[in-house]
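> I'll drop the sequence and a predicted model, then ask my questions.
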Amino acid sequence: MELMKVFLLTFGILVLAMAGMAITMLLKKGGKFPNTHVSGNKHLKKNGVYCSQTQDKLEQRNAYKNLKFDNVKFVADEKAGN
């Protein structure tokens, strides 16, 4: 019986929490949850801060652009005898 009371209390708290989070969506016309991702923050964008995936992609592009192929020997060239 005690376990049932704890379960119902926990369930009630969860229902209230979900309703509290959804109140903006329910009461406002066109309401939606705020974008809390790094890309949704104007101040971080202004300072050039991106999410880790975007920063990784940018670094990979920069590294690829800076590669120099002058001293690189390709395996296919060695097999062909060049």
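Everything's here; your move. Residues are numbered from 1 along each chain as shown.
> Low-confidence stretches in this structure?
The model of the chain has pLDDT under 70 over residues 33, 68-82.
> how far away is residue 56 from residue 44?
Distance, residue 56 to residue 44, using C-beta to C-beta, to the nearest Å: 16 Å. Any C-beta I mention is one placed from the backbone N, CA and C, and that applies to glycine too.
> Settle it for me: which of these two has more neighbours?
Taking other C-beta atoms under 10 Å, residue 56 and residue 44 do not tie; residue 44 has more neighbours (14 against 11).
> centre of the chain versus stretch 38-47, how much separation?
Its chain's C-alpha centre lies 13 Å from the corresponding centre of stretch 38-47 when counted by C-alpha atoms, centre = their mean, to the nearest Å.
> Can you give me the domain boundaries for this protein?
1-34, 35-68 (automatic domain parsing).
> so residue 67, which of the three states?
Assigned with DSSP: H, G, I helix; E, B strand; the rest coil, residue 67 falls in the coil class.
> and it, how many neighbours?
Neighbourhood size, residue 67 [other C-beta under 10 Å]: 7.
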